[in-house]
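> Need coordinates for the below:
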Amino acid sequence: MPPPRVNNPPRNEPTTKDEKGSLTKPIKFLDQDYLELRKNCLINKRRYEDEMFPPDNSSIDPQKTLGLKLDQVKWLRPSEIVKDPQLTVDGVSRFDYSQGSLGNCWFLASVGALTFQRDIVDQVMPTDQSFGKDYAGIFHFKFWRFGKWFDVVIDDKLPTIKRKLIFVHSKTSNEFWPALLEKAYAKVCGSYADMKSGKVSEALKEFTGGVQICYDLKTAPTDLWNLMDRAVNAKALMGCGTLKGETPEQKLPNGIIQGHAYTVTGVFKVTYQGKPVKLVRVLNPWGKGEWIGDWSDKSPLWSKVSQKDQSMCRSLANDGEFWMSMEDFTKSFEDLDICCLRPDFLDGSSECIWTSTCFNGSWDAGTTAGGCINNRDTFWTNPQFRVRISEDSATENILVSLMQKHEDRHRSLNSNYAIGFSVYAIPPEASKI
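Alright, predicted model coming up:
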């Protein structure tokens, strides 16, 4: 039986660099043109103020769920906060910022992973902007959403109370890239409050346009550390999360925070008492609060490894970053997200070539929403897409990623529905149907 039709036909044509929605030709979010808006500001000698994400309470917390004293909020430009504002100071680093009064650790854990890849940072935060030449109080950032890149324009007015930034803030007082990046993402989400709670994978994908793979650490493959090691070499971005406790963000005796997102910043193998020990390095986006068990900053185990390994790994700074064994990592965290532009690490080979194809479809009541395999009478009506692998192809792996596209701009108002997919081999005799 042929596959049912869907509202949006599958897209098989290859993506070109100049295609609308590509990195080189991103879609203008809310139809705002950064270059045109900046040009008008410079001609009229005024600083930009964004009408689509205004500096008022509607952009912070329209539903009043954060418990902030909104009557005390003042929106200030960086030049009104410090004398010499800079977008970045000595580049970008995972140690630049600390989380503010917003439960968006999932977003900041993703930012921590982002800072390792300078080329991706330059995609997300274009280099054609600063507080110097042609400054007009306007900035822009690029995010990937459901197969397309968007260019998001913001003004640089930031919410403060008593001249202090309410949300994410840099540890260097005159550095503002973390706060401006967070504001741009808040605009995409609908408001700052719409960023509350989420998964690391969400922002990782929207920073990269890459493929995300999630591993349940309770059932993780035995070679997971080796996969992580290959992922690091493939310049993948990684994050992890802990199980929720009875009390939100409760600190356990071992220093780990429950219901919290972290960045995975590296893996390393040391020799301890003649045996190899596989370690994982993790970062708390709060910028403080660390694991205090084996292989933590002050663990006595470090004194029994070589000075070379100590100098490469050990740090006594209270910066939120720490090492732990792979065994403790899988016990302490619930899941691991790996996001990469090309999932080369799955093959363990740098010579593989990956191609991608995007299909668009929908589940519509009464026509293409057939339910799971238990609904045998209607299951076949679900959207179907065929992937052909030629016999002479060198293909060894196929990776399928399913995304759920939301309709409401406000992230917190969207519902995540239970969706999934099944993969079936088509018998040779049915391949021509």
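> now the strands: where do they sit in the stretch 201-350 of the chain?
Assigned by DSSP state E, counting those that start in this stretch, the stretch 201-350 of the chain shows strands spanning 211-216, 237-241, 261-272, 275-283, 321-325, 335-340.
> In the sheet, which strands lie alongside the fourth one, parallel or antiparallel?
To tie it back to what came earlier, the one meant is strand 275-283. strand 261-272 (antiparallel), strand 321-325 (antiparallel) (DSSP bridges).
> quick check: mean pLDDT across the lengthiest helix in the chain?
When the chain is parsed with DSSP state H, its longest helix is helix 177-189. Helix 177-189 shows a mean pLDDT of 97.
> most tightly surrounded among the strands of the stretch 201-350 of the chain?
Comparing those by mean neighbour count (mean count of other C-beta atoms under 10 Å), strand 237-241 ranks first with a mean of 28. For the C-beta atoms, the positions are set from N, CA and C on the backbone; glycine is no exception.
> same for it, what does it pack against?
Applying 3 or more C-beta pairs under 8 Å, 6 or more residues apart in numbering; DSSP states H and E, one finds that strand 237-241 contacts helix 105-114, helix 200-208, helix 224-233, strand 261-272, strand 335-340.
> Contacts for the longest helix of the chain, please.
The contact list for helix 177-189 (C-beta atoms under 8 Å, 6 or more residues apart in numbering) reads 29, 50, 52-53, 59, 87-88, 92, 96-97, 104, 107, 111, 124-125, 139-141, 143, 145, 150, 152, 154, 156, 158, 165, 167-170, 192, 194-195, 203, 206, 410-412.
> got the phi/psi numbers for Lys74?
Phi and psi for Lys74, reported as degrees, to the nearest 10, are phi -130, psi 130.
> Determine the number of other residues adjacent to it.
13 (other C-beta atoms under 10 Å).
> That one bridge partners, please.
Assigned bridge partners for Lys74, using DSSP bridges, are Thr160.
> residues touching it, list them.
Lys74 sits next to Pro159, Thr160, Ile161, Arg163 when contact means C-beta under 8 Å, 6+ apart.
> got a winner among the residues you listed for most neighbours?
Neighbour count (other C-beta under 10 Å) singles out Pro159 as the most crowded of these, with 25 neighbours.
> Tell me, what's the model's pLDDT at that residue?
For Pro159, the pLDDT comes out at 97.
> Distance check, it against Glu246.
31 Å (C-beta to C-beta, to the nearest Å).
> cool, and Ser401?
34 Å.
> more crowded one of these two?
Counting neighbours by other C-beta under 10 Å for Ser401 and for Glu246 shows that Ser401 has the greater number, 13 against 7.
> if I pick Lys142, what's in contact with it?
Per C-beta under 8 Å, 6+ apart, neighbours of Lys142: Leu23, Pro26, Gln123, Val124, Pro126, Trp149, Phe150, Asp151, Val152.
> ok, what's across the strand from it?
Asp151.
> Any idea which of the strands paired with strand 275-283 gets closest to Glu80?
strand 261-272 (31.4 Å; C-beta to C-beta).
> That closest one to helix 200-208, inter-axis angle?
90 degrees (axes from the mean of the first three to the mean of the last three C-alpha atoms, to 10 degrees).
> if we can go back for a sec, and which of the contacts of Lys142 is nearest to Asn233?
Gln123 (20.5 Å).
> Now do the contacts for the closest one.
Counted by C-beta under 8 Å, 6+ apart, Gln123 has contacts Leu23, Lys142.
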